[in-house]
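Peer 1: Sequence first, then the predicted structure, then my questions.
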Amino acid sequence: MEKNIIIVGGGFGGIQSAISLARKKIKNVKITLISNKDYFQYYPGFYRIVTGASPIEVAIPLSDILPKEVNLVIKSVNDINLVEKKISCEDNYSFYYDTLVLALGSETTYFNLPGIEELSFGFKSVDEALKLKKHLVSLFEDFKDFDKNDSTSHFHFIIVGGGPSGVEVAGDLSYFLPKLAKEYKIDPSWITIDLIDSNSRILPTLPEKVSTRILARLRKLGINIFLNRTMEKEELEQVFIKGMSIKAKTVIWTAGTQLNKLIPKISGLQFSARKRVEVNEYLEAKGSDKIFADVFIVGDIANTPYAGLAQTAIHNARFVSKVISMRSKNKKIKIYKPEKVAFSIPVGVDWGVFSMGNINFYGFFAYFVRHAIDFVFFFQVLSFVKFIGLFIKGWKYRKIKLK
Ligand SMILES: Cc1cc2nc3c(=O)[nH]c(=O)nc-3n(C[C@H](O)[C@H](O)[C@H](O)COP(=O)(O)OP(=O)(O)OC[C@H]3O[C@@H](n4cnc5c(N)ncnc54)[C@H](O)[C@@H]3O)c2cc1C
């Protein structure tokens, strides 16, 4: 009888699971991917939408990515019952699985800090990124009278969070905002960009010397860095940070992520101290064998070393597909081995950092490597024709006006 493999989530872990499973050509299985969005979001490129790149380049229809062997269902999952092996979705749809791959990812958290969710900007979805870009352009476009008091907060930009996303967007804004100022004939010296972090250094997961180099680069680009400063609250055009307050019309929040809200509601899962799902050596959810055998957890939600990165989600997904395929042939399986991750962070438009273990390099080549990584990823998940079409459309978009 045909077995149902259901993948939940159409992000890095989900699409890679679908592609790898389809390639394995397992007999007598039906593969289904359920996602709440009909497109895949390439988060590493989102900061570029804020500064003018095309959303087409980072939001790819799932139907363009998934192999024909995979059935695509666009529905939001509301509940998963691991005992009944049942997935309940919106509009009273439900599905039963024999094997489940959960790849639901993470979402933004504002740590219940007053005002931040309502007043700050983010870029964890295409809509958010486009809203932020529109806001930035309108600040310059609508600026009429030159009132010095107002101008300081009008062109004051605060980025909260010194992780890769905060650093990348700060670097890009240091080029984009003066470009807008020139276009709308505004003195660029009014522009102030601050990057705020509660840690004693930016990018704390990278070696200290790499953080220091990036800090120096950001300062060279004119960005003010405030460390050991915790955000306390935001009010209209004013933010309150430990020991100080700043007037600013733009606060960009990149500081917090938490697991997808659905995960803690799934009865029976066990959680690590960092609130990720505990997994065994085959990336199955830990717990009673009967219920949890064949419930695989991949990506941001799995408690594995280096979780929280796209590269780990892809590695998890490839491993899980292998386990499912080998089990179908009753073959012996090697246990999960985490793969070391590389950090490739662009800072501005022609300088970047590449860091992997003891290998660190800086400058234009590192910047180029990051773009090459993006290119290789798309080339792997899209057909050649779609890949070329994507970049032509993206190129044309960049040529049109900043708005
Ligand atoms: C701005 C930003 C920049 C980043 N840059 C990098 C980088 O440079 N390098 C790197 O390695 N990592 C980066 N990351 C991290 C990386 O994107 C994540 O680690 C990766 O997306 C995790 O993959 P995932 O499959 O676990 O989750 P996701 O890719 O988030 O996928 C989750 C999927 O589940 C779907 N979903 C959610 N809820 C439901 C529901 N209820 N029902 C149905 N479907 C649902 C979502 O639509 C999505 O398709 C970045 C993240 C962000 C936010």
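Peer 2: Cool, got the structure.

Peer 1: Now D64: closest residue in space, sequence neighbours ignored.
Peer 2: Excluding its sequence neighbours, the residue lying closest to D64 (CB to CB, 6 or more residues apart in numbering) is K386, at 5.3 Å. Every residue, glycine included, has its C-beta placed from N, CA and C.

Peer 1: for K247, what are its contacts?
Peer 2: 152-153, 156, 237-238 (CB atoms under 8 Å, 6 or more residues apart in numbering).

Peer 1: which one of those has the most neighbours?
Peer 2: H156 (20 neighbours; other CB atoms under 10 Å).

Peer 1: what's across from that residue in the sheet?
Peer 2: Beta-bridge partners of H156, counted by DSSP bridges, are T192.

Peer 1: so what's whichever residue of the stretch 251-400 of the chain sits closest to the ligand up against?
Peer 2: Closest residue of the stretch 251-400 of the chain to the ligand, CB to the nearest ligand atom: G299 (2.1 Å). G299 sits next to 9, 11-14, 103-105, 307, 312-313, 316-317 when contact means CB under 8 Å, 6+ apart.

Peer 1: Show the pLDDT at it.
Peer 2: Reading off the confidence values, G299 has pLDDT 97.

Peer 1: and the chain, what are its domains?
Peer 2: 3-36+75-108+257-341, 116-253 (automatic domain parsing).

Peer 1: Return the distance of the first one from the chain's centre.
Peer 2: Going back to what we said before, that points to domain 3-36+75-108+257-341. Offset of domain 3-36+75-108+257-341 from its chain centre (CA atoms, centre = their mean, to the nearest Å): 18 Å.

Peer 1: ok, which stretches of the stretch 251-400 of the chain are strands?
Peer 2: Using DSSP state E, counting those that start in this stretch, the strands found in the stretch 251-400 of the chain span residues 257-259, 295-297, 343-346, 352-356, 359-363.

Peer 1: which bits of the stretch 251-400 of the chain sit near the ligand?
Peer 2: Where the stretch 251-400 of the chain comes near the ligand, counting by CB under 6 Å from any ligand atom, the residues are 260, 262, 299-300, 308-311, 313.

Peer 1: same thing with the stretch 51-200 of the chain?
Peer 2: So the stretch 51-200 of the chain meets the ligand at 76-77, 103-105, 123-124, 164-165 (CB under 6 Å from any ligand atom).

Peer 1: Selecting buried members of the residues you listed in ChimeraX, what would you type?
Peer 2: Buried residues among these (16 or more other CB atoms under 10 Å), as a ChimeraX selection:
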select :77,103,104,105,123,124,164,165
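
Peer 1: ok but F143 is inside a helix, no?
Peer 2: No: assigned with DSSP: H, G, I helix; E, B strand; the rest coil, F143 falls outside any helix and is coil.

Peer 1: rewinding a little: now, which of the contacts of K247 sits nearest the ligand?
Peer 2: Distances from the ligand to the contacts of K247, taken by CB to the nearest ligand atom, are shortest for H156, at 22.4 Å.

Peer 1: I'd assumed A248 was in contact with the closest one.
Peer 2: Yes: counting by CB atoms under 8 Å, A248 is a contact partner of H156 at 3.9 Å.
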